[in-house]
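A.B. asks: The amino acid sequence is not available; the structure is as follows:
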């Protein structure tokens, strides 16, 4: 069984009796600098618009996205978060088989199941080599290969050139690749990894992006699907025109134009990633995978009592993501978000205190 989201903050609050805003939720990988002030101002400014139906064409926010990523607006479809983009793409393509690199975010398999597709899992070896994993795949015409870049939960990241090899593999077999780039905005060098520009040239790749994580607006839900204009035009005929509400559109439009917020995010993450390297990365009781974006994936030593650790964290109002219900992982595999420095210190201190008590 795979698992979906972390971030069950209301459940955590119920379990602990602590107010949601007082919890330290490391299980959801939100940008701690967000939401951007520009997005909040846009919501306030346009609040009265909720008396009208939202713009079903998403014209203004698509323009902002097009400017931000250098994409023609007819390659962009706005969605109610990345999850709807994944669902729409798979439902429209109706593939015989959906190929998923494991471990994986549960939404891919759930979307495939909702569309009654066969699911094939491609286990990623320790080296996380996608091309090597594909060698065993008998991909056929009409199939879809899902690639999550950066990979969740491991944080592995593949260059645009490496992803292009997967696209070539699919093209040779008349299949398609769905690339989920939901976390790429956290990298200042994202252009070295993104294949967004490919959608203009080929119908064989679709790209999913999310505003949820980078702009910390999971309660609003905003994402988009980038694909060849002919594909976007075709899908638009068969989707719910009202799924992206007016305030989500306004907030995303402002956020995607806020370059200063992105610069501040990249500066914060560079500093905190260096601190994480100097602390977690030096431990002998943790096998860790150097983070590529704003979360850390690691495997804890066999002598660390996992349930006692989680209880110790919960007593301090701290929650991390155990990955035992991802394919191929165990409860010893932990993923946690990189947050503001004081929060990161609290998590590390809680872990050190537990180790000292053993």
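C.D. replies: That came through fine. What you see is a predicted model, and the numbers here were worked out from it, not measured in a lab.
A.B. asks: Please, where are all the strands along the stretch 101-250 of the chain?
C.D. replies: Per DSSP state E, counting those that start in this stretch, the stretch 101-250 of the chain carries strands over the ranges 118-123, 144-148, 176-180, 205-210, 223-226.
A.B. asks: Let's have the ones you listed in TSV, adding mean neighbour count, distance to residue 39 and mean pLDDT.
C.D. replies: Quick note: C-beta positions are derived from backbone N, CA and C, even for glycine. What follows is the strands of the stretch 101-250 of the chain, written out as TSV (neighbours: other Cβ atoms under 10 Å; distance: least, Cβ to Cβ, whole Å; pLDDT from 0 to 100):
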stretch	mean neighbour count	distance to residue 39	mean pLDDT
strand 118-123	15	36	94
strand 144-148	27	25	97
strand 176-180	26	22	98
strand 205-210	27	14	98
strand 223-226	27	15	98
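A.B. asks: Taking the centroid of the chain, which residue is nearest it?
C.D. replies: Ranked by distance to the mean C-alpha position of the chain (Cα atoms, centre = their mean), the top residue is residue 182 at 3.9 Å.
A.B. asks: and that one, what does it touch?
C.D. replies: Residue 182 makes contacts with 82, 148, 152, 208, 209, 210, 212, 213, 223, as judged by Cβ atoms under 8 Å, 6 or more residues apart in numbering.
A.B. asks: so how far is residue 111 from it?
C.D. replies: Residue 182 is 14 Å from residue 111, where distance means Cβ to Cβ, to the nearest Å.
A.B. asks: Quick one: closest of the strands of the stretch 101-250 of the chain to residue 160.
C.D. replies: In terms of Cβ to Cβ, the element of the strands of the stretch 101-250 of the chain nearest to residue 160 is strand 176-180, at 9.9 Å.
A.B. asks: Packing partners of that closest one?
C.D. replies: helix 81-93, strand 144-148, helix 160-172, strand 205-210 (3 or more Cβ pairs under 8 Å, 6 or more residues apart in numbering; DSSP states H and E).
A.B. asks: would you turn those into a markdown table with distance to residue 58?
C.D. replies: Listed next are the helices and strands packed on strand 176-180 as a markdown table, based on distance: least, Cβ to Cβ, whole Å:
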| stretch | distance to residue 58 |
| --- | --- |
| helix 81-93 | 13 |
| strand 144-148 | 24 |
| helix 160-172 | 26 |
| strand 205-210 | 14 |
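A.B. asks: gap between residue 133 and residue 206?
C.D. replies: Taking Cβ to Cβ, one finds residue 133 at 20 Å from residue 206.
A.B. asks: swap that for residue 184, please
C.D. replies: 15 Å.
A.B. asks: do the same with residue 325
C.D. replies: For residue 325, the distance to residue 206 - Cβ to Cβ - is 27 Å.
A.B. asks: neighbours around the closest residue to residue 125 other than its chain neighbours, how many?
C.D. replies: In space, residue 125 comes closest to residue 132 once its chain neighbours are excluded; the distance is 6.5 Å by Cβ to Cβ, 6 or more residues apart in numbering. Close neighbours of residue 132, defined as other Cβ atoms under 10 Å, add up to 12.
A.B. asks: now do residue 192
C.D. replies: A count of nearby residues for residue 192, using other Cβ under 10 Å, gives 12.
A.B. asks: need the contact list for residue 135.
C.D. replies: Contacts of residue 135 (Cβ under 8 Å, 6+ apart): none.
A.B. asks: and the gap between it and residue 114?
C.D. replies: 29 Å.
A.B. asks: ditto for residue 75
C.D. replies: 25 Å.
A.B. asks: Which one's more surrounded, the two?
C.D. replies: When neighbours are counted by other Cβ under 10 Å, residue 75 comes out ahead of the other of residue 75 and residue 114, with 23 against 11.
A.B. asks: Go through stretch 69-85 and flag the buried ones.
C.D. replies: Neighbour counts over stretch 69-85 (16 or more other Cβ atoms under 10 Å) mark 69, 71, 73-85 as buried.
A.B. asks: hmm, which helix or strand of this protein has the shakiest average pLDDT?
C.D. replies: Lowest on mean pLDDT, DSSP states H and E among the helices and strands of the chain sits helix 9-16, with a mean of 60.
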